[in-house]
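J.: Need coordinates for the below:
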Amino acid sequence: MRIVARLIIGVAVVLILTGAALYVLRKPIAEAAVEQVLVRQRLDRPSVKVVDVGLSRLTLGELRAGGDASRTDLALEGVTLEYDPVALILHGKFTSVAIEHGRVSISANEDGTVEIAGWNRDPDASSGPLPFAHIVITQLDIVTLTPKGPALFDLSGEFDAARGGGFDLSFTSDSAGFSTASLHDASGVLNFQLKPDGAIELGGAVKGSVATPIGAIDDLASDVSGSLASWRSFLGEGVRELSGAVEVVLRSSTIETAAAPALAPLASGSAGIGQIDVGGSFRAEFSGGAFSLSLVGNELALKADQGDLLILRQSGASLYQRKSGVQETSFTAFFDARAAKGESTFAASSEDGGPWLINGNASFERLEAAGAKIEGVEGKFEGAYDKGRFVGEADAVSYLAGAQIGRLRISDAPAASALSLTIDMNEKLLTATPKEGVCAHVERASILMDGQDMQASVRTASFCPEDAPLVSISWDEEPLTKIEGALDAKSAFYRLGRTVFEGAPPHVDFQLTYKPALQTTHIAGDLSDGRAILNSAFVLSETKGRFSADIVGERLSANAALSSMKVAQNADLEMVAPVSVSGVAQLASEAATFDFNVSTPRGARLGRGEGAHNTATGVGEAVFDSGLIEFAFGLQPDRLIPALKGVVSGASGSTEGKATFSWSPNNLETAAAIKLDNVSFRGPGVAVTRTEGVSGDLVFSSLSPVSTAGEQTLSIAKIDLDALKLENGAMRFSLPGDNTLQIVEAEFPWFGGTIGAYDSSMSIAGQSETTMQIDNVDLSGLLAYINVEGLSGDGTIEGVLPLTFEDGKARINNGIVSSKGPGVIRYQGKATNAAAQSNEQSALAFEVLRELRFDKLSATLDGPLDGTIGFNILFEGRSDIPVRTGKATQRVDSPVKYRITINAPLLSLIEQAILSTDVKLQIERARQGETEAIEGRN
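T.: All right, here's what the predicted structure looks like:
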């Protein structure tokens with residue numbers, strides 16, 4: 001208004017002076033002269049119609065400037081200017097100005113500049129006192145053109161420099177404003193009363209809608225009132241200042257959350273908030289160049305249509321104030337809503353136009369958003385904001401009570417973080433990273449999957465940045481969230497049905513990108529190290545691999561490549577040696593497929609497998625096929641099964657097998673088939689020199705626990721105990737899955753009879769027991785095999801030998817061997833002759849053994865097979881005993897009971913007896929010793 005008034009008065013002064021000079025020429029000449037003067041006053045193509053020109057009055061019918069034939073930018077009608085010629089000439093002042101009707105177009109631009117259409121204002125022109133004492137405006141239409149559309153103002157009123165006056169201003173607009181804020185369907189009426197004492201009283205009402213980039217306020221209705229002083233300061237050359245206060249009362253205002261980008265999640269999320277009503281009053285105060293904005297009643301209430309309430313309360317005397325170059329603002333926000341309950345404080349200050357120094361804190365009893373419920377949030381932040389950029393720090397602790405992402409549920413997760421923050425409003429970018437040397441920590445977290453019998457948890461997890469910020473969020477044309485860093489956890493637990501992983505998970509270096517517009521998430525990273533236990537049975541460690549995953553909406557796809565992972569048995573004495581596993585896996589449309597290779601730590605191939613898993617049903621299957629494995633140097637059973645070290649060695653032959661694993665949420669099933677082809681080895685244990693030619697097909701119904709599909713059969717070509725050799729035997733057995741070996745029959749032919757174990761049960765773990773039975777063994781053949789010089793006999797024997805096995809060694813516990821019917825024992829060797837020279841009693845004992853025809857033979861045996869065995873032997877029968885009669889000796893058939901007690905390493909003695917007469921066997925033993933020495937070094 002002030003610019004418009006000065007334009008009119010400046011033009012009028014020129015018109016009066018020019019008109020007075022040309023008074024005698026009257027109107028036609030005056031109009032031409034005035035238009036030329038208006039051109040020099042920077043009006044664009046001016047035209048005027050002079051109604052009358054006098055020494056104290058100038059009356060214009062109209063004044064126009066700018067525009068074209070169809071449009072005029074500036075148009076005034078019925079303009080009357082009264083003046084005292086002397087005052088006008090000397091001081092440039094009019095007595096009064098009257099405008100009956102007018103129209104002015106003003107352009108307000110985004111950069112803050114204002115232009116009046118039809119007038120090119122002199123940028124160097126200075127303002128001064130009002131050039132009139134009295135003005136009357138009947139109706140002046142001011143069309144304000146803005147980037148968002150036009151606003152129409154209607155101004156009328158009267159003012160006198162001595163007595164004051166008043167003006168009425170009304171406006172309407174369908175749409176007007178700027179990118180930062182705009183009005184829609186707006187209208188208002190304001191009345192200004194200028195009191196004689198300089199006071200300005202104003203009042204009125206405004207209604208409509210306000211739109212901003214962060215949201216819109218609809219159905220805004222407010223009352224405006226105030227008292228300012230003094231309008232008289234604007235009539236002089238001094239400082240123009242206002243003092244006083246203006247109040248704005250919000251009678252009604254509504255924020256539509258769906259139309260507010262920042263609040264859109266409230267509309268689409270679980271909160272379901274559609275509208276927020278804002279109620280309260282503002283008070284603006286002016287004094288001595290200072291300005292403050294406060295909340296009347298100290299608070300502003302925002303209430304959602306679902307009952308949620310937010311109250312803003314100023315922390316001090318004002319919400320905002322500016323004084324002596326210092327700007328300050330502070331407030332506290334109180335939340336009582338379904339999504340949040342708590343409070344947050346905010347304070348900021350700026351000096352001499354410098355950066356805003358910001359600090360605040362938050363304390364929330366509860367926060368709920370995007371399916372997450374967070375409790376006990378305590379935090380603080382501080383930093384500086386300058387030229388659209390915030391740099392600062394934030395510390396927070398919280399407790400995630402529960403969150404749901406698709407079918408995934410996360411709960412019981414206390415967390416703490418100390419972050420460095422950067423928010424660049426110009427670049428539309430937020431970055432957050434833990435302070436130097438500090439990581440974000442999650443004390444623990446529990447994880448469940450709907451529709452699956454799945455449970456998981458982590459403890460003492462940390463998120464650490466690497467080269468890039470831990471979190472970056474951009475909200476440009478294509479909003480993007482990035483999370484990049486390293487994840488470590490001290491321990492983790494994962495259970496799917498009866499499959500359980502627990503331990504330290506691998507270290508994960510990952511990059512995650514989230515595009516909210518497309519609802520897509522991509523994550524990729526590397527896995528390393530870790531140590532987890534599978535089903536309390538296997539240790540998974542030394543992991544190395546890479547993975548990637550994509551989430552589009554609720555669809556998940558993933559790929560993983562495992563370059564290596566060590567798998568070992570979780571036991572002090574490993575039944576299976578550690579192996580190395582590598583492979584790849586893919587997930588698409590809830591179906592996961594994978595294949596893997598298994599090798600020894602030194603790289604010897606052990607087989608490969610493949611499988612599939614349905615993430616929706618939790619059902620899957622895997623098949624492992626060893627292929628043909630030939631035992632050779634470097635690939636031995638004791639390398640695969642450490643428990644066999646010192647028990648089995650020097651193996652040859654081949655084996656192959658196939659195992660299947662199938663699972664569902666509440667069940668795990670395993671099965672296997674193994675083929676042994678002519679497998680030979682030293683042992684088992686020290687009691688057995690070598691086992692040869694083991695062949696057979698074994699079918700297992702379960703691997704955990706180990707059980708067979710009914711009876712299984714193995715053929716065994718030979719068991720060599722050095723002293724004894726068992727050949728061409730067979731074994732029928734079963735494993736019921738209770739850590740026992742059920743022997744149906746393990747039998748070998750032996751010297752015309754049999755030796756074996758029948759219908760017995762042995763424990764697989766720890767000490768085990770069985771009973772060896774001997775039947776129909778030909779005594780003559782057995783004694784001939786023992787090959788003791790001078791020892792022979794005839795008969796048939798049987799026996800029962802209870803055996804215990806522990807640590808690869810066997811022991812006979814009070815075994816009994818007896819004859820089946822009569823027989824004979826003959827011994828006549830070097831010991832007989834030596835005994836004859838010692839004493840009569842020894843001589844008689846050996847004389848009896850020359851030919852002892854027994855009716856009954858029995859012996860008890862007790863001791864370790866590889867050590868000293870105690871023998872108690874009893875013969876009952878008859879023998880020809882030498883009897884001396886005079887000088888002659890004759891043999892008399894006499895009944896005999898003959899007892900022999902021996903404590904000796906019998907098997908070693910028998911072995912030595914055989915070895916002493918078998919050169920070929922001596923050579924084999926020498927070679928065996930050399931091989932064992934080489935294997936021991938490797």
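J.: contacting residues for Arg163?
T.: Residues counted as contacts of Arg163 (Cβ atoms under 8 Å, 6 or more residues apart in numbering) are Pro196. (C-beta placed from N, C-alpha, C; glycine too.)
J.: Next one: it from Asp197, what distance?
T.: From Arg163 across to Asp197, the span is 11 Å (Cβ to Cβ, to the nearest Å).
J.: How about the contacts made by the residue nearest to Ile358 when sequence neighbours are not counted?
T.: With Cβ to Cβ, 6 or more residues apart in numbering as the criterion, Ile358 has its nearest non-adjacent residue at 4.5 Å, and that residue is Ala348. Ala348 sits next to 328-330, 356-359, 385 when contact means Cβ under 8 Å, 6+ apart.
J.: quick check, nearest of the residues you listed to Val104?
T.: Taking Cβ to Cβ as the measure, Val104 sits nearest to Thr329 out of those, at 36.6 Å.
J.: shouldn't that closest one be in contact with Gly316?
T.: No: contact criterion Cβ atoms under 8 Å: Thr329 and Gly316 do not qualify, at 9.6 Å.
J.: Pick out whichever of those two has more residues nearby.
T.: More crowded of Thr329 and Gly316, by other Cβ atoms under 10 Å: Thr329, with 20 against 13.
J.: so the more buried one, which of the three states?
T.: Per DSSP: H, G, I helix; E, B strand; the rest coil, the local secondary structure of Thr329 is strand.
J.: coming back round to it: check the contacts of Ala348 and tell me the two furthest apart.
T.: Longest span within these, Cβ to Cβ: Ser330 and Tyr385, 14.5 Å.
J.: quick one: the nearest residue to Leu310 once chain neighbours are set aside from Gly503, how far?
T.: Leaving aside its sequence neighbours, Leu310 sits nearest to Leu302 (Cβ to Cβ, 6+ apart; 4.3 Å). Distance, Leu302 to Gly503, by Cβ to Cβ: 50 Å.
J.: Name the residues linked to the residue nearest to Leu310 by a beta bridge.
T.: Using DSSP bridges, the beta-bridge partners of Leu302 come out as Val278, Leu310.
J.: So Ser780: helix, strand or coil?
T.: helix.
J.: before we move on, the earlier item: which single one of the contacts of Ala348 is nearest to Leu801?
T.: Of the contacts of Ala348, the one sitting nearest to Leu801 (Cβ to Cβ) turns out to be Asn359, at 88.8 Å.
J.: Point out where the stretch 801-938 of the chain drops to low pLDDT.
T.: Low-confidence regions of the stretch 801-938 of the chain, defined by pLDDT under 70, span residues 808, 831-838, 906-938.
J.: Check the stretch 1-150 of the chain too.
T.: The stretch 1-150 of the chain contains residues with pLDDT under 70 at 1-38, 40-41, 67-72, 92, 112, 121-130.
J.: what are the ranges of the strands in it?
T.: Assigned by DSSP state E, counting those that start in this stretch, the strands in the stretch 1-150 of the chain fall at 47-53, 57-65, 74-82, 96-108, 114-116, 134-146, 149-160.
J.: got those strands as a markdown table, with mean neighbour count and distance to Phe681 columns?
T.: Below are the strands of the stretch 1-150 of the chain laid out as a markdown table (neighbours: other Cβ atoms under 10 Å; distance: least, Cβ to Cβ, whole Å):
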| stretch | mean neighbour count | distance to Phe681 |
| --- | --- | --- |
| strand 47-53 | 18 | 121 |
| strand 57-65 | 20 | 115 |
| strand 74-82 | 20 | 113 |
| strand 96-108 | 19 | 98 |
| strand 114-116 | 15 | 102 |
| strand 134-146 | 18 | 96 |
| strand 149-160 | 17 | 95 |
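J.: Could you point out the helix or strand that follows the strand or helix carrying Tyr785?
T.: In the assignment (DSSP states H and E), Tyr785 maps to helix 779-786. Moving toward the C-terminus from helix 779-786, the next helix or strand (DSSP H and E) is strand 791-794.
J.: helices and strands around the helix holding Tyr785, which ones?
T.: Judged by 3 or more Cβ pairs under 8 Å, 6 or more residues apart in numbering; DSSP states H and E, the packing partners of helix 779-786 are strand 791-794, strand 796-806, helix 906-915.
J.: how about the residue nearest to Asp526 when sequence neighbours are not counted, what does it touch?
T.: Residue nearest to Asp526 in three dimensions, not counting chain neighbours: Asp509, with 4.7 Å by Cβ to Cβ, 6+ apart. By Cβ under 8 Å, 6+ apart, the contact set of Asp509 is 466, 485-486, 525-526, 528.
J.: 10 Å instead, please
T.: Counting by Cβ atoms under 10 Å, 6 or more residues apart in numbering, Asp509 touches 464, 466, 484-487, 524-528, 546.
J.: got it, and Ser253?
T.: Counting by Cβ under 10 Å, 6+ apart, Ser253 makes contact with 207, 209-210, 217-222, 276-280, 302.
J.: give me the number of residues near the residue lying closest to Leu735 once chain neighbours are set aside?
T.: Spatial nearest neighbour of Leu735, chain neighbours left out: Thr708 (4.6 Å); criterion: Cβ to Cβ, 6+ apart. By other Cβ under 10 Å, 19 other residues sit near Thr708.
J.: so what's the backbone phi/psi at Thr708?
T.: phi -100, psi 160 (degrees, to the nearest 10).
J.: The helix or strand where Phe594 lies pairs with which strands, and in what direction?
T.: Secondary structure assignment for Phe594, by DSSP H and E: strand 591-599. The pairing partners recorded for strand 591-599 under DSSP bridges are strand 579-588 (antiparallel), strand 605-614 (antiparallel).
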